[in-house]
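> Output the structure for:
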Amino acid sequence: MKLTKITVLTPFFPSSEQPYRGHSTRQLVRRLSAFADVSVVCALPRYPSWVQPRSFDHRQVNLAYRLPDVNVQYINFPSIPGVGRAVNGMVCARYLLDLVGSLAPDLILNYWLYPQGYAAVEIGAKLGIQTIVGSIGSDLNAIADPVTRYFTRLTVHRAASVVTKSHQLRHQAIRLGADSTKVHAVLNGCDSTIFHVSDRSQARFELNIDAAEQLVVYAGRFELTKGLMELLEAFATLRKQNGQARLALVGNGLSEAALVKRAHMLGIAEHVRFVPPQTSWGVSRWLAAANVFALPSYAEGCPNVVLEAVSCGRPVVATDVGGISEIVNNQCSILIPPYDVPALTAALETALNREWDEQTIAGQFGRSWEDMARELYGICYSVLQTRPAQAVSRSASVQRA
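Numbers count the residues shown, from 1 in each chain. The predicted structure follows:
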């Protein structure tokens with residue numbers, strides 16, 4: 001019997017235009033449904049046709065889009081890039097209030113702190129519903145401006161509890177002023193039925209990759225903050241030393257054209273393969289085919305793809321940022337500073353030349369999505385023991401302060 005009705009409010013969920021967006025949230029919701037009656041509200045800004053954001057990949061989605069395994073509804077709220085930051089949270093709350101009220105949840109669970117997290121807390125206060133807000137990475141690691149910082153701080157103050165994808169993000173929330181007793185790190189999980197050690201030769205046969213190649217794989221969004229320019233620079237140097245080295249970039253994003261252009265400028269275009277976004281199964285085949293997985297990001301939360309690479313028995317070369325050091329060790333990875341091309345080059349060379357034991361690597365991480373959902377539901381259940389009226393009183397006192 002389901003004990004709780006939970007509404008998850010987030011902008012990160014698969015949509016008609018971006019079917020692989022919000023993969024980790026979808027996996028969590030599916031497993032959380034074993035413990036509670038879970039619905040999802042995917043709240044996305046709608047910008048005027050005459051002014052679109054340039055700093056991130058925004059696409060208008062089909063609001064009627066539905067998924068077969070999750071109860072999800074999509075809703076837009078109006079915004080103007082930059083100008084709307086100060087009011088986005090309130091506007092989002094206004095547009096979502098009736099919908100969330102009609103779902104009658106016992107608890108609101110949010111992922112992404114502003115504006116959706118602020119809206120979640122505001123709606124919870126109006127409806128007398130406890131709210132847990134969650135950070136997934138750059139909503140705490142890379143707060144863009146003082147206005148967003150102010151409202152993010154207010155959000156973590158007013159929420160009944162805060163969950164983060166790593167201990168590093170937990171410390172960030174506490175530094176922002178959240179009550180340390182109410183901030184919990186709940187790390188991502190991994191689906192071991194898809195991501196597990198499998199035969200590299202077979203995967204390469206499926207993907208038409210030569211057995212002699214030494215393949216470095218990246219999978220994720222094509223954004224410069226993922227360190228992809230540095231990865232191309234490092235790979236160009238690596239190619240001079242290792243004629244068998246190849247690079248595969250799996251995904252898409254706003255920076256794809258710039259990355260293709262840079263690969264041509266560096267003279268490595270014929271050795272770099274740009275692969276369209278893949279299903280989880282498709283990503284697992286590229287990881288199986290890889291010699292090394294690379295993620296030289298500038299900042300991270302708890303990157304799921306690192307967990308997936310390790311579960312597939314593949315060594316990871318990554319930057320020591322965010323929660324990456326919480327999910328790998330020297331038995332399965334080489335960590336380097338961000339922005340450091342020589343260090344990245346040396347790490348890739350070392351990783352390709354080192355004898356790794358794929359079973360040892362795969363044994364370093366054993367956390368499933370079910371583990372994550374069970375841990376998160378425990379926090380939800382604990383929060384529900386506090387009367388909603390107390391939550392309303394507490395949020396009101398914070399506003400007055």
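
> can you give me the strands for the chain?
Ranges of strands within the chain are 5-10, 37-46, 72-78, 107-110, 130-135, 161-164, 183-185, 214-219, 245-250, 272-275, 292-295, 316-319, 333-336, based on DSSP state E.

> Find the residue ranges of the protein scoring beneath the pLDDT cut-off.
Applying pLDDT under 70 to the chain flags the ranges 1-3, 50-59, 82, 387-401.

> between the strands of the chain, which one is nearest to V283?
Smallest distance to V283 across those (C-beta to C-beta): 5.3 Å, for strand 214-219. For glycine as for every other residue, the C-beta is placed from the backbone atoms N, C-alpha and C.

> and for the closest one, what are the contacting residues?
Applying C-beta atoms under 8 Å, 6 or more residues apart in numbering, the contact partners of strand 214-219 are 209, 226, 228, 231, 235, 238, 242, 244-251, 278, 283, 286-287, 289-295, 305, 314, 317, 348, 352.

> In PyMOL, how would I select the buried members of these?
Remark: buried members of those, expressed as a PyMOL selection using 16 or more other C-beta atoms under 10 Å:
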select buried, resi 209+226+228+231+235+238+245+246+247+248+249+250+251+283+286+287+289+290+291+292+293+294+295+305+314+317+348+352
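
> residues near K5, how many?
When neighbours are counted by other C-beta atoms under 10 Å, K5 registers 15.

> same check, this time on A34
Neighbours around A34, by other C-beta under 10 Å: 12.

> T279 too?
12.

> how far away is V38 from T4?
Distance, V38 to T4, using C-beta to C-beta, to the nearest Å: 9 Å.

> now do R31
In terms of C-beta to C-beta, R31 sits 14 Å off from T4.

> Among the two, which residue is more densely surrounded?
R31 (21 against 16).

> Who are the contact partners of that one?
The contact partners of R31, taken as C-beta under 8 Å, 6+ apart, are 189, 369-370, 372-373.

> cool, and N110?
N110 sits next to 8-10, 116-117, 120-121, 131-134, 159 when contact means C-beta under 8 Å, 6+ apart.

> Is it possible to get JSON lines of the strands of the chain that adds distance to A64?
Formatted as JSON lines, these follow (distance: least, C-beta to C-beta, whole Å):
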{"stretch": "strand 5-10", "distance to A64": "19"}
{"stretch": "strand 37-46", "distance to A64": "12"}
{"stretch": "strand 72-78", "distance to A64": "8"}
{"stretch": "strand 107-110", "distance to A64": "23"}
{"stretch": "strand 130-135", "distance to A64": "27"}
{"stretch": "strand 161-164", "distance to A64": "30"}
{"stretch": "strand 183-185", "distance to A64": "35"}
{"stretch": "strand 214-219", "distance to A64": "30"}
{"stretch": "strand 245-250", "distance to A64": "29"}
{"stretch": "strand 272-275", "distance to A64": "30"}
{"stretch": "strand 292-295", "distance to A64": "35"}
{"stretch": "strand 316-319", "distance to A64": "39"}
{"stretch": "strand 333-336", "distance to A64": "43"}
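
> Next, the contact list for the nearest residue to A64 once chain neighbours are set aside, please.
In space, and not counting its chain neighbours, A64 is closest to Y74: 7.9 Å by C-beta to C-beta, 6 or more residues apart in numbering. Listed by C-beta under 8 Å, 6+ apart, the contact set of Y74 reads 15, 42, 44, 61-65.

> Adding distance to C380 and neighbour count, write those out as a markdown table.
Converted to a markdown table, these look like this (distance: C-beta to C-beta, whole Å; neighbours: other C-beta atoms under 10 Å):
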| residue | distance to C380 | neighbour count |
| --- | --- | --- |
| S15 | 25 | 22 |
| C42 | 20 | 24 |
| L44 | 24 | 22 |
| V61 | 28 | 19 |
| N62 | 30 | 10 |
| L63 | 28 | 14 |
| A64 | 29 | 8 |
| Y65 | 27 | 16 |
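
> Go through those residues and name the one nearest I334.
Using C-beta to C-beta, S15 comes nearest to I334 of the contacts of Y74, at 35.4 Å.

> the domain parsing of this structure - what is it?
5-189+370-400, 200-362 (automatic domain parsing).

> Can you show me the helices along the stretch 51-200 of the chain?
Shown for the stretch 51-200 of the chain, the helices assigned by DSSP state H, counting those that start in this stretch span residues 88-103, 118-127, 138-141, 146-158, 167-175, 200-207.

> Now the ones you listed in CSV, please, with extra columns for distance to V183 and mean neighbour count.
As requested, those are exported to CSV (distance: least, C-beta to C-beta, whole Å; neighbours: other C-beta atoms under 10 Å):
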stretch, distance to V183, mean neighbour count
helix 88-103, 20, 18
helix 118-127, 15, 25
helix 138-141, 11, 22
helix 146-158, 8, 20
helix 167-175, 5, 20
helix 200-207, 40, 15
